[in-house]
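Undergrad: this one's structure only:
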């Protein structure tokens, strides 16, 4: 990880954001790689993948930006606009997050890259979990600016998570449809656990509310994104390893059989939709990263670096051809 520094957004001058910036290799084409965290791991978790990516890129690695959002990781300041929020755990939403991201990129582009026109700087997003949803919303809001996306176990934006599992107490539910090895009480417990921890109504220490994601990103396979030159961005969709994720879920009190039967297929179907948000010839995946749970960049940084290297190479090649 490059040395952590702090920056105040011009739009929110009373708070500071922790970030790191890696200078591009001399002679590399103008491009900014931005790493977008999930709710669970801060920016430092990208370090191993970035180090390996630099090795693979050699003398052509681009500028790289990592950061912790307000209230996350090394960013101890909260979003100033949350000060008067009725519920601090739901102080701001994804719209505010992408506005902050836009401002951060604008200031970094000007101060570090001497690029005053942010729209002339191609972006590549490497994102995990809710960071994937942020990357999609940014690309929708600012079409023509995002040249590539590496989405690692994307947050399922259009669900309440409870609905990923059948309701055994619903009218007309046929108990005979329960697979062998899945007790009725275990299914009830999984639904209750999901509601308690992952439901969008549950807040977090960032104050980053997820309540409106189902309206912001109602479909996994749309809307289609537009990158530079009118084409869709290059896209690689990666999901977790089913067995590793299921085993980790047991540590949270879930049934491995329930996760394998319902949640893994549900998430994979969502990822299949994600692969359709760009031109078919520019899409790869969904892949499954070997030996990984939800935090793919932590569990298999070499795999992430290889996919990022391939994605950035496609972006660079396309830029040369155009």
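TA: It's in. In this text, all values refer to a predicted model and were calculated from it rather than measured experimentally.

Undergrad: contact partners of stretch 163-182?
TA: Residues from elsewhere that reach stretch 163-182 (Cβ atoms under 8 Å, 6 or more residues apart in numbering): 156, 184, 187-188, 190-191, 194, 255, 257-258, 261-263, 266-267. (Glycine included, C-beta is placed from N, CA and C.)

Undergrad: Go ahead and build a ChimeraX selection from the buried members of those.
TA: A single ChimeraX command is used to select the members of the contacts of stretch 163-182 judged buried by 16 or more other Cβ atoms under 10 Å:
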select :156,187,190,191,194,255,257,258,261,262,263,266,267
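
Undergrad: what's the farthest-apart pair in the contacts of stretch 163-182?
TA: 156 and 184 (24.7 Å; Cβ to Cβ).

Undergrad: follow-up on the earlier one: closest to residue 308 out of the contacts of stretch 163-182?
TA: Each of the contacts of stretch 163-182 was checked against residue 308 using Cβ to Cβ; the closest is residue 267, at 21.4 Å.

Undergrad: tell me which helix or strand of the chain sits lowest on mean pLDDT?
TA: Least confident helix or strand, the chain: helix 301-321 with a mean of 92, by mean pLDDT, DSSP states H and E.

Undergrad: Show me which residues of that helix are buried.
TA: Neighbour-count burial for helix 301-321 flags 301, 303-305, 307-309, 311-312, 314-316, 318 (criterion: 16+ other Cβ under 10 Å).

Undergrad: If you count contacts, what does it end up packed against?
TA: Taking 3 or more Cβ pairs under 8 Å, 6 or more residues apart in numbering; DSSP states H and E as the contact definition, the neighbouring helices and strands of helix 301-321 are helix 47-57, strand 123-128, strand 146-152, strand 234-239, strand 283-288, helix 296-299.

Undergrad: where do the helices sit along this structure?
TA: Secondary structure of the chain (DSSP state H): helices located at 47-57, 94-113, 130-141, 184-197, 213-216, 242-250, 256-258, 264-274, 296-299, 301-321.

Undergrad: Name the nearest residue to residue 90, sequence neighbours excluded.
TA: Setting aside the residues directly before and after it, residue 90 is nearest to residue 209 in space (Cβ to Cβ, 6 or more residues apart in numbering), at 3.8 Å.

Undergrad: Kindly report the same for residue 136.
TA: For residue 136, the spatially nearest residue (Cβ to Cβ, 6+ apart) is residue 217, at 6.3 Å.

Undergrad: residues near the one you found, how many?
TA: In terms of burial, residue 217 registers 22 neighbours under the definition other Cβ atoms under 10 Å.

Undergrad: For it, what are phi and psi?
TA: Backbone geometry at residue 217, expressed as degrees, to the nearest 10, gives phi -130, psi 70.

Undergrad: buried ones in stretch 294-302?
TA: Using 16+ other Cβ under 10 Å as the burial criterion, the residues of stretch 294-302 that qualify are 294-301.

Undergrad: what about it, start to end distance?
TA: End-to-end span of stretch 294-302 (Cα to Cα, to the nearest Å): 16 Å.

Undergrad: Show residues contacting it.
TA: Outside of stretch 294-302, the residues within contact range by Cβ under 8 Å, 6+ apart are 38, 40-41, 45-46, 48-49, 51-52, 126, 128-129, 152-153, 238, 240, 244-245, 248, 289-293, 303-304.

Undergrad: sorry, back to before: thought the residue nearest to residue 90 was touching residue 216?
TA: No: in this structure residue 209 lies outside contact range of residue 216 using Cβ atoms under 8 Å: 11.2 Å.

Undergrad: higher neighbour count, those two?
TA: More crowded of residue 209 and residue 216, by other Cβ under 10 Å: residue 209, with 23 against 18.

Undergrad: Check what pLDDT that one gets.
TA: According to the prediction, residue 209 has pLDDT 98.

Undergrad: Now for it: which residues touch it?
TA: Contacts for residue 209 (Cβ under 8 Å, 6+ apart) come out as 89-93, 200, 203.
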